[in-house]
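Q: what's the 3D shape of this:
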Amino acid sequence: MTADDAPVIPVEEELKIDEIKLEEEKELVCEFNLHLLQVIREYQNLHGLKHDDYQRYRQYCTRRLQRLYKGLKFLHGAKKFSNKKITPEMYCKDPRYLMITLMRAERAWAYALDLKQFANTEPRKQSHLVAKLKKAVIYAEELEETCISLKCDASTQLEAKAYSHYMRGMVNFERANWNKCLVSFTSAQKIYSKLADAVDDGTIYREKCEEMTPNVQYCLYNIQSSGNIDTSEVGEDLLKELDGVIASRANAPTQAACELKWEGKCVSITHDEIKIQLAQLKDKIQQAKDVGTSTDKRLELFDEAVGGCRDVAQIIRKADKLESADTLTDYFTFLRITCTIDRFLLMACQVSDKLKGVVETRPGTKMARPEDLVRLYDIILQNYADLKGIVSIEKEGEFYKSIDGNTLFYRALRCFYIAECHLGQSNWINAIVLYDKCKEHVSEALASTANNMEVQGELNTLSKQIYSQRCSAHASAFLHSQEEAEELEDMKPANKNRLLKDCLDEFRLFETADELPTIYTFPPDFQTIPCKPIFFDISLNHIGFPDLSARVEKEGGALSGLSRWIWGR
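A: Down below sits the predicted model:
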């Protein structure tokens with residue numbers, strides 16, 4: 001078939017095909033922002049590398065990879081292992097696939113440094129070490145290529161490039177390729193030093209540069225260099241890109257500042273990480289408050305939001321010269337406490353539904369009890385007390401007043417379920433007293449939350465429950481008292497002449513002191529007892545024994561004795 005015989009495609013169809021290709025290419029462009037060095041340092045400090053425990057960090061990387069595989073459903077076969085590869089479409093679908101590549105590189109690197117501790121005594125460990133570092137280089141290069149192909153932001157691409165240079169430097173250092181090792185380490189140092197100038201807080205990048213300085217000096221010593229370092233591998237394009245990042249970061253605060261309005265205050269957030277974390281937190285909180293989401297998923301989202309608030313508070317503490325740091329700290333503390341309250345309220349609602357029978361208790365799970373609700377409302381009240389301690393909340397504002405009203409409401413609920421605990425234990429009097437106290441809390445809460453119709457409705461419902469449960473406790477106490485009275489009437493009167501030791505297993509009612517029984521008679525009366533018989537053997541002297549001499553055999557001659565011996569007689 002020649003070129004002339006090829007089918008002719010109309011121009012309109014060609015344009016449609018080009019548009020489809022352009023749309024597919026656009027779908028593969030995902031602007032992810034991943035702070036590689038910060039993520040790596042956080043994982044390393046939390047999991048063993050503070051004490052140079054590389055084995056523990058390697059085990060953590062393995063567990064982290066397993067969680068990522070399971071969460072992304074990126075499994076490698078149930079019975080037989082099948083090596084799956086991550087495609088660009090997967091990276092676009094979820095940025096956690098980037099974390100898989102990063103964790104694979106970190107696991108291989110940690111394994112290599114764990115083997116290095118035994119490489120001096122066991123030569124085979126050295127070759128195993130180099131093999132693991134080569135694998136780490138492969139994953140680091142894959143991460144770098146992925147960040148470039150997905151068109152991540154400039155700082156992410158540069159961090160991936162510096163990470164790849166660092167891994168190559170580690171391999172060449174162990175293989176004693178000093179020239180290549182020097183080029184890799186100095187390239188990584190140059191990138192990290194430029195990134196330190198580009199961000200607000202570049203301490204972590206400077207620390208990484210200082211960490212590589214001894215390796216660079218050792219390479220210089222081995223190649224007997226005077227300090228002329230070949231940085232051709234970095235290239236002018238990379239240096240221009242680094243300068244562009246610095247310039248864009250310098251102009252970023254004026255262009256992309258985020259305003260936060262809270263409690264009558266307006267704060268502009270210029271820190272990039274705080275802005276990203278704030279957007280993620282708002283998204284998670286919105287999803288967690290969605291009633292259509294399952295309860296377990298909502299609890300998980302609340303947990304993630306609380307953890308995110310703690311991370312932001314740590315970033316604020318570490319950031320230098322951050323404007324309105326106190327207000328930001330108070331705001332994220334407020335978010336953390338409110339998310340914690342919402343989480344425990346959701347748990348309390350779940351336990352309450354189980355108690356009422358709205359939700360069936362699954363087999364194998366713990367039965368719901370009123371004591372569980374008492375503990376949950378204790379935690380909620382403690383969080384409301386912490387909420388009142390935030391300095392930035394106005395003391396005369398509506399929100400501060402609502403805290404007092406909610407505190408009274410949940411205090412009434414806590415008192416109600418304490419009464420339920422006593423009712424379940426048949427402590428009728430204590431339950432009635434607690435129901436009366438709970439009624440007082442409800443009246444105070446109704447006066448305090450006059451403008452909140454939702455809370456007012458819940459308080460009215462609670463008041464009806466208190467009335468019904470108090471009547472039930474009162475009736476149970478009356479019935480119990482009647483049963484006791486009937487039991488006392490059935491008791492036989494005490495017999496004064498009967499000794500107390502004879503009726504220890506019986507309950508006797510003594511109306512007066514004169515009816516008290518006799519404890520014991522003292523001194524005791526004499527009783528007749530049989531005497532032990534005594535025999536004296538004195539009759540033997542007076543017994544006459546018969547003569548038995550006739551029965552005694554007489555001794556015979558020698559012949560008779562011999563015949564007896566022969567015949568056995």
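Q: mind listing what the residue most central in space within the chain touches?
A: In the chain, the residue lying closest to the centroid (CA atoms, centre = their mean) is Asp303, at 9.0 Å. Asp303 sits next to Arg343 when contact means CB atoms under 8 Å, 6 or more residues apart in numbering. The way it works is simple: take the backbone N, C-alpha and C, and place the C-beta from them, glycine included.
Q: element containing it?
A: helix 295-318 (DSSP states H and E).
Q: Need the mean per-residue confidence for that helix.
A: Taken as a whole, helix 295-318 has an average pLDDT of 85.
Q: just stretch 216-231 next, same as before
A: For stretch 216-231, the per-residue pLDDT averages 69.
Q: that older thread, how close does the residue nearest to the centre of the chain sit to Cys339?
A: Distance of Asp303 to Cys339, given as CB to CB, to the nearest Å: 9 Å.
Q: So Glu259 lies in a strand, does it not?
A: Yes. Membership of Glu259 in a strand is supported by DSSP: H, G, I helix; E, B strand; the rest coil.
Q: Report pLDDT for the spatially closest residue to it that is not a sequence neighbour.
A: What sits nearest to Glu259 in space, not counting adjacent residues and going by CB to CB, 6 or more residues apart in numbering, is Ser268, at 5.4 Å. Looking at Ser268, its pLDDT reads 79.
Q: Helix, strand or coil: sort out Ser268 for me.
A: Criterion first, three-state DSSP; result for Ser268: strand.
Q: again with Val391
A: Val391 ends up coil, using three-state DSSP.
Q: buried residues in the helix holding Asp303?
A: 298-299, 301-302, 304-306, 308-309, 312-313, 315-316 (16 or more other CB atoms under 10 Å).
Q: And for stretch 345-358?
A: Result for stretch 345-358 [16+ other CB under 10 Å]: buried residues 346-348, 350-352, 354-355.
Q: Farthest-apart pair in the residues you listed, please.
A: Taking CB to CB as the measure, the buried residues of stretch 345-358 span a maximum distance of 15.3 Å, between Leu346 and Leu355.
Q: just to revisit the earlier point, residues contacting the residue nearest to Glu259?
A: With CB under 8 Å, 6+ apart, Ser268 has these contacts: 257-260, 323-324.
Q: From Lys275, how far out is it?
A: Computed as CB to CB, the Ser268 to Lys275 distance reads 10 Å.
Q: now swap in Val183 and tell me
A: 37 Å.
Q: Which residues in stretch 451-460 does the neighbour count mark as buried?
A: For stretch 451-460, by 16+ other CB under 10 Å, it's 452, 455-456, 458-459.
Q: now stretch 44-62
A: Neighbour counts over stretch 44-62 (16+ other CB under 10 Å) mark 44, 47-49, 54, 57-61 as buried.
Q: Quote the end-to-end distance of it.
A: Terminal residues of stretch 44-62 are spaced 13 Å apart (CA to CA, to the nearest Å).
Q: Comparing Val183 and Lys275, which shows the higher neighbour count?
A: Legend: neighbour count by other CB atoms under 10 Å for Val183 and Lys275, higher for Val183 (22 against 15).
Q: For that one, identify the helix or strand it belongs to.
A: Following DSSP H and E, one finds Val183 within helix 178-198.
Q: just how off-centre is that helix within its chain?
A: Centroid separation for helix 178-198 versus its chain: 38 Å, with CA atoms, centre = their mean, to the nearest Å.
Q: Packing partners of it?
A: helix 154-174, helix 203-223, helix 235-255 (3 or more CB pairs under 8 Å, 6 or more residues apart in numbering; DSSP states H and E).
Q: tilt between that helix and helix 154-174?
A: 150 degrees (axes from the mean of the first three to the mean of the last three CA atoms, to 10 degrees).
Q: Would you mark the buried spots in helix 178-198?
A: Using 16+ other CB under 10 Å as the test for burial, helix 178-198 gives 178, 180-196, 198.
Q: by how many degrees do that helix and helix 203-223 diverge?
A: 160 degrees.
Q: average model confidence for helix 178-198?
A: On average, helix 178-198 scores 87.
Q: ok so, going back, out of the buried residues of stretch 345-358, which comes closest to Ser463?
A: Of all the buried residues of stretch 345-358, Ser352 has the smallest distance to Ser463: 16.6 Å, by CB to CB.
Q: Counting by contacts, list what the one helix or strand that closest one maps to packs against.
A: Here Ser352, judged by DSSP H and E, is contained in helix 325-356. The helices and strands touching helix 325-356, judged by 3+ CB pairs under 8 Å, 6+ apart, are strand 258-262, strand 265-269, helix 272-288, helix 295-318, helix 370-388.
Q: by contact count, what packs against the last one?
A: It refers to helix 370-388. By 3+ CB pairs under 8 Å, 6+ apart, helix 370-388 packs against helix 325-356, helix 398-424.
Q: TSV for these, including mean pLDDT and distance to Tyr97?
A: Putting the helices and strands packed on helix 370-388 into TSV (pLDDT from 0 to 100; distance: least, CB to CB, whole Å) gives the following:
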stretch	mean pLDDT	distance to Tyr97
helix 325-356	88	28
helix 398-424	88	42
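Q: Which one of these lies nearest to Asp386?
A: Judged by CB to CB, the one of these that comes nearest to Asp386 is helix 325-356, at 5.7 Å.
Q: Can you pull the poorly scored residue ranges out of the stretch 1-150 of the chain?
A: Residues of the stretch 1-150 of the chain meeting the criterion pLDDT under 70: 1-33, 76-82, 91.
Q: The same query, at a cut-off of 90, please.
A: Along the stretch 1-150 of the chain, the model assigns pLDDT under 90 to residues 1-53, 63-103, 115-127, 142-150.
Q: Of the buried residues of helix 295-318, just say which sits nearest to Asn541.
A: Leu299 (106.6 Å).
Q: Quick check: the gap between the closest one and Leu381.
A: For Leu299, the distance to Leu381 - CB to CB - is 20 Å.
Q: follow-up on the earlier one: averaging pLDDT over each of the helices and strands packed on helix 178-198, which comes out lowest?
A: Note on the helices and strands packed on helix 178-198: helix 235-255 shows the lowest mean pLDDT, a mean of 54.
Q: Is Gly292 within a helix or a strand, and which one?
A: Going by DSSP H and E, Gly292 is not in any helix or strand.
Q: pLDDT score for it?
A: pLDDT, read off for Gly292, is 75.
Q: where's it relative to Lys366, distance?
A: 27 Å.
Q: of the two, who's got more company?
A: More neighbours surround Lys366 than the other of Gly292 and Lys366, with 9 against 5 (other CB under 10 Å).
Q: helix, strand or coil for that one?
A: Relying on three-state DSSP, one would call Lys366 coil.
Q: burial count for the residue nearest to Ser448 when sequence neighbours are not counted?
A: Using CB to CB, 6+ apart and skipping the chain neighbours, the partner closest in space to Ser448 is Gly405 (4.1 Å). Counted with other CB under 10 Å, the neighbours of Gly405 add up to 21.
Q: so how far is stretch 266-286 from its chain's centroid?
A: 24 Å.
Q: and that stretch, which residues are buried?
A: 269, 271-274, 277-278, 281, 284-285.
Q: Perfect, that will be all.
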